[in-house]
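Chemist: predicted structure and sequence below. I'll ask about it afterward.
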Amino acid sequence: MSIPQQGGGPIESREQLAAYVASGEKPREDWRIGTEHEKFGYSHDKLLPLPYDGPQSIHAMLTGLRDRFGWSPVHEQDKLIGLERDGANVSLEPGGQLELSGAPLETIHQTCDEVNQHLAEVRAVADDMNAGFIGLGAAPIWRQDQMPMMPKGRYALMTPYMETVGTLGTQMMYRTCTVQVNLDFASESDMVQKLRVALALQPVATALFANSPFLDGKPNGMKSWRAHIWQNLDEARTGMLPFVFEDGFGYERWVDYVLDVPMYFVYRDGKYINALGQSFRDFLNGRLPALPGQVPTLSDWADHMTTVFPEARVKKYIEMRGADGGPWRRLCALPALWVGLLYDQGALDAATDLIKNWDAETREGLRRAAARDALQGQAGGVRLHDLAREVLAIAEQGLKARARPGAGGLVPDETHFLNALRESVDSGQVPSDELLARYRGEWAGDLNRIYAEYSY
């Protein structure tokens, strides 16, 4: 989750909220790619999640990365809770999941190099403390009571609140991992077109990257338990956002949506102040019960925007949020998929044509089918396997049109980063299918084998 925002003067008018979003507009030549991914750390000897403190711990991982690889520390209340270097940061999810939020880079070649470097650094530090890291959408064996809590104030506030607004919120916080990509927009109309495609086609990403078929040591009945979780918590801040597809949608309508999402906190002087369930609209008028008489700053608005969790969301860029964490190759495949769809106008228009006649029921049906059945799912007469094939073809053409070379010009474009997804479309099998086949076959129900065979 996000590191607290800093700075920004007081908000004097509502227009500043939409202007904040609009300030993310960039000309095409300045569009960048930001890839984020989370992974679970565990001890090799006990196969249990890493606590915050101790010789085998998240703190030891952060200090090792800091001391050996030149990362700068980020502290909260004297606790080391993150790292920064060259526009990237390493942060902690509630249960100790380690997240890389990559720097904004020009090509997928660069972002994949960044992922590779990060995982190599993590492995070097982890090896020295007899620990490992694994990319899965959900913790396959560990119970909720086995998960540690990282020493971040927002998590201490969010945990009890999550238990009141859905059935699976704490599972989301402590036992899931994702891979995401953040992409730019040029204008309000460009944002609208991209966000509509991102939301409508998020089930394709969920299906292709489904990688969480286990929970509490056994199959859970879903191909993506992580996606299933998001369908069962806090309706006020999750979902497919039908209003995005209505006429007149733009920055102002997005602001209205975010304003109506109940608050979590206000960050002041290094501390999180409990504002659970309170209204940012009241805050604008100086009537927030948590801080009576005070009005928010732009950094408060930026923080509040990080507490909405739809399948795709807008800040100063667009975040694609539908994919499970996964194996090394797929960490580069996700940005390839979305860059191919959204960063070439011909591909974006083709994707728009693909989804233009779907209604809200079809979009929501595909979302639920992807979590349950991955590529075998269907809704509203749309088969996800067929849809994924069409989407992948559009993305490939988009990457070819971008024609961004790599390896010193030896690789003409970025299309090879889609190879892992082509294999899934050709076979109809996604990572969850492979995991379930091994569990029922050669593993003979011994799920502990997942750590040795699927860790980074």
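Modeler: Noted; the coordinates are in hand.
Chemist: show me what the helix or strand bottoming out on mean pLDDT in the chain is packed against.
Modeler: Counting by mean pLDDT, DSSP states H and E, the chain has its least confident helix or strand at helix 153-162, which shows a mean of 89. Judged by 3 or more C-beta pairs under 8 Å, 6 or more residues apart in numbering; DSSP states H and E, helix 153-162 is in contact with helix 169-175, strand 265-268, strand 271-274. Where C-beta positions appear, they are placed from N, C-alpha and C, glycine not excepted.
Chemist: quick one: distance of that helix to the chain centre.
Modeler: Counting by C-alpha atoms, centre = their mean, to the nearest Å, helix 153-162 is centred 19 Å from the centre of its parent chain.
Chemist: check stretch 304-323 too.
Modeler: With C-alpha atoms, centre = their mean, you get 8 Å for stretch 304-323.
Chemist: what is the end-to-end distance of it?
Modeler: End-to-end distance of stretch 304-323 (C-alpha to C-alpha, to the nearest Å): 23 Å.
Chemist: what about it, average pLDDT?
Modeler: Averaging pLDDT along stretch 304-323 yields 97.
Chemist: what comes up buried for that stretch?
Modeler: By neighbour count on 16 or more other C-beta atoms under 10 Å, the buried set for stretch 304-323 is 304-323.
Chemist: list the neighbours of the least confident helix or strand of the chain that are in contact with it.
Modeler: 1, 4, 76-77, 94, 149, 169-170, 172-173, 233-234, 264-265, 271-272, 274, 276-277 (C-beta atoms under 8 Å, 6 or more residues apart in numbering).
Chemist: buried members of those residues into PyMOL, please.
Modeler: A single PyMOL command selects the buried members of those (16+ other C-beta under 10 Å):
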select buried, resi 1+4+76+94+169+170+172+173+233+234+264+265+272+274
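Chemist: what ranges do the strands span in the stretch 301-450 of the chain?
Modeler: 312-314, 318-324, 378-379, 382-383 (DSSP state E, counting those that start in this stretch).
Chemist: now those strands in CSV, with distance to Ala139?
Modeler: Below are the strands of the stretch 301-450 of the chain laid out as CSV (distance: least, C-beta to C-beta, whole Å):
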stretch, distance to Ala139
strand 312-314, 24
strand 318-324, 12
strand 378-379, 28
strand 382-383, 31
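Chemist: next one: the residue of the chain most remote from its centre from Arg268, what distance?
Modeler: Distance to the chain centre peaks in the chain at Gly293, reaching 35.2 Å (criterion: C-alpha atoms, centre = their mean). Distance of Gly293 to Arg268, given as C-beta to C-beta, to the nearest Å: 14 Å.
Chemist: OK, contacts around Ile323?
Modeler: Residue 323: Ala, not Ile. Ala323 neighbours (C-beta under 8 Å, 6+ apart): Thr178, Val179, Gln180, Ala205, Thr206, Leu208, Phe209, Arg330, Leu334.
Chemist: please disregard the earlier target; I meant Arg438.
Modeler: Going by C-beta under 8 Å, 6+ apart, Arg438 touches Arg449, Glu453.
Chemist: from Glu12, how far off is it?
Modeler: Distance, Arg438 to Glu12, by C-beta to C-beta: 59 Å.
Chemist: over to Leu48?
Modeler: Distance of Leu48 to Glu12, given as C-beta to C-beta: 51 Å.
Chemist: could you look up the SS state of the closest residue to Asp86 other than its chain neighbours?
Modeler: Counting by C-beta to C-beta, 6 or more residues apart in numbering, Asp86 lies nearest to Ala103, which is 5.8 Å off, once chain neighbours are set aside. At Ala103 the chain is in coil, as set by DSSP: H, G, I helix; E, B strand; the rest coil.
Chemist: please look at Ala275 and Tyr267 and confirm they touch.
Modeler: No: the pair Ala275 / Tyr267 is not scored as a contact, 10.1 Å apart, by C-beta atoms under 8 Å.
Chemist: who has more neighbours, the two?
Modeler: More neighbours surround Ala275 than the other of Ala275 and Tyr267, with 22 against 19 (other C-beta atoms under 10 Å).
Chemist: check that one and give its pLDDT.
Modeler: At Ala275, the model reports a pLDDT of 96.
Chemist: and it, what does it touch?
Modeler: By C-beta under 8 Å, 6+ apart, Ala275 lies in contact with Met263, Tyr264, Phe265, Val266, Phe283, Leu288, Pro289, Ala290, Leu291.
Chemist: need those in TSV with distance to Leu62 and pLDDT, can you?
Modeler: Below are the contacts of Ala275 laid out as TSV (distance: C-beta to C-beta, whole Å; pLDDT from 0 to 100):
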residue	distance to Leu62	pLDDT
Met263	29	96
Tyr264	24	95
Phe265	23	95
Val266	26	96
Phe283	33	97
Leu288	34	98
Pro289	35	97
Ala290	30	97
Leu291	31	97
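Chemist: make TSV out of those and add distance to His228.
Modeler: TSV is the format used below for these (distance: C-beta to C-beta, whole Å):
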residue	distance to His228
Met263	26
Tyr264	23
Phe265	27
Val266	32
Phe283	33
Leu288	34
Pro289	34
Ala290	33
Leu291	37
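Chemist: and these, which are buried?
Modeler: Of these, these count as buried by 16+ other C-beta under 10 Å: Met263, Tyr264, Phe265, Val266, Phe283, Leu288, Ala290, Leu291.
Chemist: can you tell me, leaving aside adjacent residues, what's nearest to the fourth one?
Modeler: In this case it means Val266. Ile273 (4.6 Å).
Chemist: so that neighbour touches Phe265, yeah?
Modeler: Yes: counting by C-beta under 8 Å, Ile273 sits close enough to Phe265 to count as a contact (6.0 Å).
Chemist: now do the longest strand seen in the chain: distance to the chain's middle.
Modeler: Taking DSSP state E as the criterion, the chain has its longest strand at strand 33-43. Remark: strand 33-43 is offset 10 Å from the chain centroid, using C-alpha atoms, centre = their mean.
Chemist: can you show me the CA trace of it as CSV?
Modeler: C-alpha atoms of strand 33-43 as CSV (Å, rounded to 0.1, in the frame of the first residue of the first chain):
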residue,chain,number,x,y,z
ILE,A,33,5.4,2.6,-17.2
GLY,A,34,5.3,1.9,-13.5
THR,A,35,5.2,-1.7,-12.4
GLU,A,36,4.4,-2.8,-8.8
HIS,A,37,4.6,-6.3,-7.4
GLU,A,38,4.2,-8.0,-4.1
LYS,A,39,5.6,-11.3,-2.8
PHE,A,40,5.5,-13.3,0.4
GLY,A,41,8.6,-13.9,2.5
TYR,A,42,9.0,-17.0,4.5
SER,A,43,11.6,-18.9,6.6
